[in-house]
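Participant: Let's see this in three dimensions:
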Amino acid sequence: MTTLEGIEGFSHKKDVKLSSTGKILIGITGGVAVALTVISAPFISPALRKICLPYVPATTSQIENILIALKGKTGKLVDLGSGDGRIVLEAAKHNFISHGVELNPWLVMYSKIVAFRKGYAKNTKFFQKDLWKFDLSPYDNIVIFGVEQMMTDLERKIKAECANGSNVIACRFPLPNIVPARTVGSGIDTVWVYEIDRKEKSYAS
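Facilitator: Got it, this is the predicted structure:
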């Protein structure tokens, strides 16, 4: 015959089992939430900044136009907001010492892996840094895929930091006040080429 004490004991054990299962489920759910936060944070955090530079891969035509704009140029190149690193790698193929600046750590890691696999690790470097805090003065060629809202501030940075004679290539949007030396391509694939000459009035601070 089953006693009340036995039933209560059974009920207590069942509660303990459910409680343990609940703790496991809570632990798993919490772990997944933390993992998703870590993975998504690098993609979400740029959107919380005053000026967002979204990751939009360059088209084949844009890369071709950049290479045309770089024809006859030498020295060190930096791509501001380098994304998956394709422009840095293409420049390295054409004998440039190529660097990329990218805020997203996953894209920086991906770029480094691709550079290593393709044999361009010696000629390329990728920095996980805020482009606004990155010094442009060591570079002879600067490439930027910007958004319209950032171009005025970027122009100020270029005027303050770029060496005389350096080559600036703006993609998608031009610099607002400096007159380009030439343009390559048309439509969304247009690139504006600027040759820094501090004797010109448009380069005055």
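
Participant: drop to CA atoms for contacts and neighbour counts, all remaining ones
Facilitator: OK.

Participant: Could I get the full set of helices for the chain?
Facilitator: 4-44, 60-69, 86-93, 105-117, 151-161 (DSSP state H).

Participant: And residue 118, how far from residue 99?
Facilitator: Per Cα to Cα, to the nearest Å, residue 118 is found 15 Å from residue 99.

Participant: again, but for residue 148
Facilitator: Relative to residue 99, residue 148 is positioned 23 Å away (Cα to Cα).

Participant: between these two, which one's more packed in?
Facilitator: Each of residue 148 and residue 99 has its neighbours counted (other Cα atoms under 10 Å); residue 99 has more, 24 against 14.

Participant: List the contacts of that one.
Facilitator: Neighbouring residues of residue 99 by Cα atoms under 8 Å, 6 or more residues apart in numbering: 76-79, 88, 124-127.

Participant: how about TSV for those residues, with pLDDT and neighbour count added?
Facilitator: Formatted as TSV, the contacts of residue 99 follow (pLDDT from 0 to 100; neighbours: other Cα atoms under 10 Å):
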residue	pLDDT	neighbour count
76	96	20
77	98	28
78	98	27
79	97	24
88	97	29
124	97	24
125	97	20
126	97	25
127	97	20
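
Participant: May I see those residues organised as CSV, with distance to residue 61 added?
Facilitator: Shown next, in CSV, are those (distance: Cα to Cα, whole Å):
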residue, distance to residue 61
76, 23
77, 19
78, 19
79, 17
88, 16
124, 22
125, 24
126, 23
127, 26
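
Participant: mind listing which of the residues you listed are in strands?
Facilitator: Using DSSP state E, the members of the contacts of residue 99 that fall within strands are 76-79, 124-127.

Participant: Residue 142: neighbouring residues, count only.
Facilitator: Residue 142 has 23 neighbouring residues, counting by other Cα under 10 Å.
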